[in-house]
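Visitor: quick one, what's the 3D model for this:
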Amino acid sequence: MLALTHAPSPHINDAERTYVEWKPINYERALQQHSNYCRMLERCGLRVRTLDVNRHLPDCVFIEDTAIVLDEVAVLGSMGAESRRAEPAGIEPILKEYRSIRHLDAGANLEGGDVLQVGRTLLVGLSSRTNSAGIQSLGRIVQPLGYRVIPVPVRQCLHLKSACTALPDGTLLVNPNWLEMQALRDFAFVSVPEEEPWAADILPIGKHVCVPAENARTADLIQRRGFEMETVGLSEFAKADGGVTCLSLIFNN
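Guide: Next comes the predicted model:
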């Protein structure tokens, strides 16, 4: 499997903040944390390719938002934040090396952080960055390929994956305060500790589960369920609503 990552921008202090208070981001520390993150992905068996095509754009390190990459096709994102709208065009030529590219309809907003794949189901967050038109447009692309799309209203956080990801066995890890849980009624789930509301953003890679080191209680919860843990410090990216999933695009190559 391949992980596409993007080097942090020297302008990362201008990154969007939506649900976190503004704090200065230490660029040198962000570079070190990103390097540690890439090494973690390699320990989990991934080949890592780090891009530098959008380094003039403050949020470029959050590459997951630029596309939804499935086995059959890559759907280019349409960013909900105006400051990020140039990012997908920079990533598109690289994605064309691996997948045919599909584009969303005009007026559709959809960011990759709002799309969680669980088997042949795509849970899609209806959030401040992804609108109903984006969910419908994605559905028109992927449903003929055999995927089911389930909209999930999100509140008080940036993306669906801020509040819901999946463990390797398909169990959802959730912060139920930030989701419309009725939309997830067909899934088994476990809630993150209340002391760690941001901890539902975890990254499963095979038998491994990658967790920000800052979320120690959640890491312990996951480890007690029998999964192999990998932790990495991501404090600088958390200052811009970032988590462990949004720093990579991972897919079969």
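Visitor: which is the next helix or strand following the longest helix seen in the chain?
Guide: Longest helix in the chain by number of residues (criterion: DSSP state H): helix 27-43. Next helix or strand after helix 27-43 toward the C-terminus (DSSP states H and E): strand 47-51.
Visitor: contacting residues around that next one?
Guide: The contact list for strand 47-51 (C-beta atoms under 8 Å, 6 or more residues apart in numbering) reads 1-7, 38, 41-42, 63, 91, 94, 253. Quick note: C-beta positions are derived from backbone N, CA and C, even for glycine.
Visitor: try 7 Å this time
Guide: Residues outside strand 47-51 that contact it (C-beta atoms under 7 Å, 6 or more residues apart in numbering) are L2, A3, L4, T5, H6, A7, C38, L41, E42, I94.
Visitor: next: stretch 217-233.
Guide: 33, 36-37, 40, 43-44, 167-168, 192-193, 195-196, 199, 202, 207-214.
Visitor: do that again at 8 Å, thanks
Guide: Under C-beta under 8 Å, 6+ apart, the answer for stretch 217-233 is 33, 36-37, 40, 43-44, 167-168, 171, 173, 190, 192-193, 195-196, 199-200, 202, 204, 207-214, 244.
Visitor: kindly report the same for stretch 139-154.
Guide: The contact list for stretch 139-154 (C-beta under 8 Å, 6+ apart) reads 70, 72-73, 75, 102, 104-105, 114, 120-128, 132, 135, 138, 160, 162-164, 178-180, 183-184.
Visitor: could you dump it to CSV, C-alpha only?
Guide: The C-alpha trace of stretch 139-154 is given here as CSV (Å, rounded to 0.1, in the frame of the first residue of the first chain):
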residue,chain,number,x,y,z
GLY,A,139,-23.0,9.1,-4.6
ARG,A,140,-23.6,9.5,-8.3
ILE,A,141,-20.0,8.6,-8.9
VAL,A,142,-19.5,5.7,-6.5
GLN,A,143,-22.9,4.0,-6.3
PRO,A,144,-22.6,2.5,-9.8
LEU,A,145,-19.3,1.0,-8.5
GLY,A,146,-21.2,-0.8,-5.8
TYR,A,147,-20.7,1.5,-2.8
ARG,A,148,-23.4,2.6,-0.4
VAL,A,149,-23.3,6.2,0.8
ILE,A,150,-24.7,7.2,4.2
PRO,A,151,-24.8,10.9,5.2
VAL,A,152,-23.8,11.5,8.8
PRO,A,153,-24.6,15.0,10.3
VAL,A,154,-21.6,16.4,12.2
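Visitor: give the buried residues for it.
Guide: By 16 or more other C-beta atoms under 10 Å, the buried positions in stretch 139-154 come out as G139, I141, V142, Y147, V149, I150, P151, V152, V154.
Visitor: off-centre distance for that stretch?
Guide: Stretch 139-154 sits 17 Å away from the centroid of its parent chain (C-alpha atoms, centre = their mean, to the nearest Å).
Visitor: can you pull out the helices in the stretch 101-250 of the chain?
Guide: Taking DSSP state H, counting those that start in this stretch, the helices of the stretch 101-250 of the chain run over residues 132-142, 216-224, 235-238.
Visitor: quick check, nearest of the buried residues of stretch 139-154 to I12?
Guide: Closest approach between those and I12, by C-beta to C-beta: V154, at 24.2 Å.
Visitor: returning to that earlier point: quick one: buried ones out of the contacts of stretch 139-154?
Guide: Burial by neighbour count, judged by 16+ other C-beta under 10 Å, picks out 70, 75, 102, 104, 114, 121-128, 135, 138, 160, 162-164, 178-179, 183-184 from the contacts of stretch 139-154.
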